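Chemist: This is a predicted model, with the sequence first.
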Amino acid sequence: MTGGPRQTASAAPGPSRSGAIRLRAAVALFHGLFQILGVQILGVAVPLLTGSPAQGDEFRTPTIAAVDPDWRAAHAQLRSELGSRPELTGLLTFTGAGGHAPDDPRRWPAFAQLAALTSPLFPAIGRSTVPVLLPLDTATLLADRAGGAPQLAPAHYQAGFDTEMFDAGPAGYDALFSLPPTGIDGSPQRSFAEPVEVHITGSLLIYDINDPLAGKGEPVKMVGAPSPDLRRVIREGFVRYAFTRFGVPYVVSIPCLDSVPRRHRLACREASAVAERFLAALRIAGGRPQRRHGNIESVAVERPAAVSASFTYRPPGAILPNSGYQGQPGRPDLTAYAQIRFPLRDVPAFANSQSFLNWGDCNFTGRTASPHSKGAPYRCRRNDKPLVFDESAAENYSYPWQDNFCESRHFEVGQCANGFGHQGQDIRPSACPLRNDGADRCEPGRFPILAARDGVILRSPKQQAAYLLVDAARDHVRLRYMHMAPAQMDADGLLSGRLVAEGETIGFVSNYQDYPGGTTSHLHFDLQVFTPDGWLWVNPYVTLVAAYERLLAARGTEVPPEPPPEGATAGALTPEPAKTDTSTDADER
């Protein structure tokens, strides 16, 4: 893994600058409301800003709190877990060298010894800056190793769970386990016929995202609970169990549907039973005290001094008029959550809407016509933007960029006004090569997709989405890539545990959405940060703008939001179709 973000710190803005930023965000919010209502002020669209280049201190890094793990408490817990096994006496040294600080590893030699014993199962476990809790019968594992017992399958020591991925680093650790579809003795029967994937994260870093739903959920009372503050919450397509231990936030989560069980969709009530078995089996498996981090304050993002002659972008939060879920506006967010390499190799690239631009399906909310021939005109019923039935239309492959994080989808997004949205940003590649002269679809598989940071892949076979997990000294984020062909990703070994380097080719822009050709040719890219509720989606738009500017070595120019067509009134909002799926592995164009 690489180090943290490389933004250059600068002096915090003075009161006048911060006031201007707040005013800018407020104007963007009200402009979005005016768009939804079809209102114009003085007969013209309300401009957010002039077409001048954005100021260098408008984009900012996130504020991140760094916790201070209580290694004394973790040491006492480890000693308690192993103390009932006399055959382990002397295997670990629980008396450390005096005169060292509590965060000095020499104070707690047992952790280094434990890491040496568990690292064959969990490589580099000693790199974790927080105590590692895993569903591991540590005492039995150590006793068997010390006694020369025959080597058994890891699941024997892991309450029946198989390890799919483990990664540890300066920000903490992340692990993915799975429970076989047949279950194990004592586990409830379930309808879901696939392995259940269970994620656990312990993080030194906690992102401040001004989360309106933070800390919700219900307290959980269970035998063997890892902490008295354990709570359960269903958010953004996951059931989550959050708790604090040794001063560190941990979250166990399972993707699920908050609905009735299905053979191919795990219900959250089925997931809860699996999660609680997982939680009851948690024991200390590793980690190593290290000198504590300080909190990471928000600073201005350094941007190129040169100005691009071509790159323009709409303001953050300025989604297409009437394209938000149930009429919600976009959410202005000026945060660059991580410094990344732009995820497409070639420039230019075009961030815009797939559902509400040419060839789009209007997110199934209705079109004014049913175009079947290339170039046929139509509109979405919910707005007046003229469209054509042609994926290669020039507008799809031209500037300016447009935010579509809160665009209408049925995916839960706590950062959007009505709680639902797109979860990420769609990006088209440089061009739309056609199969033949009369085609209206782009040829997939032409444009390379790159790893945006050094990290580890989180993806099971056949899945549509690939996560890139970044655990670094100054950030702890997950980046998600969608619409590459699953069969090709499987063949390329883009699977959980694979280490990739920033700039490495990991696939090609494609159009896979449940099947080949199920969406336009584009990359859906999104970003999650770690919070006390676990991994939550945040708007990647500014992160991508800043990355693109670094790639171009030139700053983009912010232009006003797109006004409605001259003389047109905003279309009546079409009711959203019934919400049937809040899973996170699908993206409706």
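Modeler: In hand now; what should we look at?
Chemist: drop to CA atoms for contacts and neighbour counts, all remaining ones
Modeler: Fine.
Chemist: Now do the SS call for R240.
Modeler: Under DSSP: H, G, I helix; E, B strand; the rest coil, the three-state class of R240 is strand.
Chemist: separation between it and P120?
Modeler: Distance, R240 to P120, using CA to CA, to the nearest Å: 29 Å.
Chemist: more neighbours, these two?
Modeler: Shown here are R240 and P120; by other CA atoms under 10 Å, R240 has more neighbours (27 against 10).
Chemist: Surely the more buried one and Y250 touch.
Modeler: No - in this structure, R240 is not within contact of Y250 by CA atoms under 8 Å, at 10.1 Å.
Chemist: shared neighbours of these two, which are they?
Modeler: G534 (CA atoms under 8 Å, 6 or more residues apart in numbering).
Chemist: P249 and I200 touch, don't they?
Modeler: No - P249 is not in contact with I200 according to CA under 8 Å; the separation is 10.7 Å.
Chemist: Show me which of these two is the more surrounded one.
Modeler: A side-by-side neighbour count of P249 and I200, using other CA under 10 Å, places I200 first with 26 against 23.
Chemist: Got the phi and psi for the closest residue to Y467 other than its chain neighbours?
Modeler: Nearest residue to Y467, sequence neighbours excluded (CA to CA, 6 or more residues apart in numbering): R480, at 4.4 Å. Phi and psi for R480, reported as degrees, to the nearest 10, are phi -120, psi 140.
Chemist: heads up, I number from 748, so please use that
Modeler: With the count now opening at 748, the last piece we talked about shows up as R1227.
Chemist: surely R1227 meets Q1211?
Modeler: No - using CA under 8 Å, R1227 is not in contact with Q1211; the gap is 10.3 Å.
Chemist: Please list all residues in contact with the closest residue to E983 other than its chain neighbours.
Modeler: Leaving aside its sequence neighbours, E983 sits nearest to E1159 (CA to CA, 6+ apart; 4.5 Å). Residues in contact with E1159 (CA under 8 Å, 6+ apart) are 982-984, 1166-1168, 1170, 1329.
Chemist: Counting neighbours, which of the residues you listed comes out on top?
Modeler: Q1170 (32 neighbours).
Chemist: correct me, but it touches D1273?
Modeler: Yes - using CA under 8 Å, Q1170 is in contact with D1273, at 6.5 Å.
Chemist: Find the residues that touch each one of these two.
Modeler: 1284-1286.
Chemist: Out of the residues you listed, flag the one nearest to A922.
Modeler: For the shared contacts of Q1170 and D1273, the residue nearest A922 by CA to CA is W1284; the value is 19.0 Å.
Chemist: so the closest one bridges to which residues?
Modeler: Beta-bridge partners for W1284, by DSSP bridges, are Q1275.
Chemist: Just the element for T1059, please.
Modeler: strand 1054-1060 (DSSP states H and E).
Chemist: downstream neighbour of that strand in the secondary structure list?
Modeler: Next element after strand 1054-1060 (DSSP H and E): strand 1097-1098.
Chemist: Note down every partner strand of that next one and its orientation.
Modeler: Here, using DSSP bridges, strand 1097-1098 pairs with strand 1172-1175 (antiparallel).
Chemist: Give me the residues contacting the strand it pairs with.
Modeler: So strand 1172-1175 is contacted by 1096-1101, 1143-1144, 1150-1152, 1268-1273, 1286-1288 (CA under 8 Å, 6+ apart).
Chemist: Can you flag the buried ones in those?
Modeler: The neighbour-count test (16 or more other CA atoms under 10 Å) marks 1096-1101, 1143-1144, 1150-1152, 1268-1273, 1286-1288 as buried among those.
Chemist: got a list of what the most centrally placed residue in the chain touches?
Modeler: Nearest to the mean C-alpha position of the chain, by CA atoms, centre = their mean, lies Q1275 at 2.6 Å. Taking CA under 8 Å, 6+ apart as the criterion, Q1275 is in contact with 1224-1226, 1282-1285.
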